[in-house]
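J.: Sequence plus the predicted model coming up.
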Amino acid sequence: MISKTLPAARVMQSSNADQIMHEDAALMLAAIGHPIRLQVFRTLVQAGPNGLAAGEIARMLKMAPSSLNFHLRALQQNRLISSRTEGRFVIYTALFDSMSALLGFLTENCCGGNPCMPSATPARLARCATKPKTETS
């Protein structure tokens, strides 16, 4: 459920969890509804759980870092991506749990409850969030 990605305080304040899910889904879809943000999000999904440095994203998408920062912030505020600092780099990663929750919400009871989208199961998407093991020498 999308509400699982919400801060606990917001969940407790609301008496209507279904309304929260609709609002969250709308905000997430609005965030990726912008062509540049959709491109950034897809790039991060393709990068996997290791993510990409902001500079690398800017280079790949041929964008000015200041413009990219604006879009990254919008995706982060809507819980679609996260960031971490590694040395002097800021690494951005797609939040696969949020993506899975959004897809699950959108396809819930699709086709009268028939499992017509086996490739987008939450279990399968959860594997995307697991960092691959690195080989040790």
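T.: Now that the structure is in, tell me what you want to look at. Numbers count the residues shown, from 1 in each chain.
J.: quick one, longest helix in this structure?
T.: Assignment by DSSP state H gives helix 17-32 as the longest helix of the chain.
J.: Check which element follows that helix along the chain.
T.: Counting by DSSP states H and E, the element after helix 17-32 in chain order, helix or strand, is helix 35-47.
J.: what residues does that following helix touch?
T.: 31-32, 51-52, 57, 60-61, 63, 67-68, 71-72, 74-75, 80-81, 92-94, 96, 99, 128 (Cβ atoms under 8 Å, 6 or more residues apart in numbering). No exception for glycine: its C-beta is placed from N, CA and C like everyone else's.
J.: Just the buried ones from these, in PyMOL syntax?
T.: The buried residues among those can be selected in PyMOL (16 or more other Cβ atoms under 10 Å) with this line:
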select buried, resi 31+32+51+52+57+63+68+71+72+74+75+80+81+92+93+94+96+99
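J.: Just the ones in helices from the contacts of helix 35-47, please.
T.: Per DSSP H, the subset of the contacts of helix 35-47 in helices is 31-32, 57, 60-61, 67-68, 71-72, 74-75, 96, 99, 128.
J.: Check the residues you listed and tell me the two furthest apart.
T.: The largest distance within the ones in helices among the contacts of helix 35-47, taken as Cβ to Cβ, falls between Ser67 and Cys128 and amounts to 27.3 Å.
J.: and Lys62, what pLDDT?
T.: The model reports Lys62 with a pLDDT of 96.
J.: burial of the residue nearest to Ala53 when sequence neighbours are not counted, as a residue count?
T.: In space, and not counting its chain neighbours, Ala53 is closest to Phe89: 4.4 Å by Cβ to Cβ, 6 or more residues apart in numbering. Neighbour count of Phe89, defined by other Cβ atoms under 10 Å: 12.
J.: Okay, and the beta partners of Phe89?
T.: The partner list for Phe89 in beta bridges (DSSP bridges) reads Glu86.
J.: same deal with Ala94?
T.: Counting by DSSP bridges, Ala94 is bridged to Ile81.
J.: Cross-check the contact I'm expecting between it and Leu80.
T.: Yes. Using Cβ atoms under 8 Å, Ala94 is in contact with Leu80, at 7.0 Å.
J.: contacting residues around the residue nearest to Ala53?
T.: 53-55.
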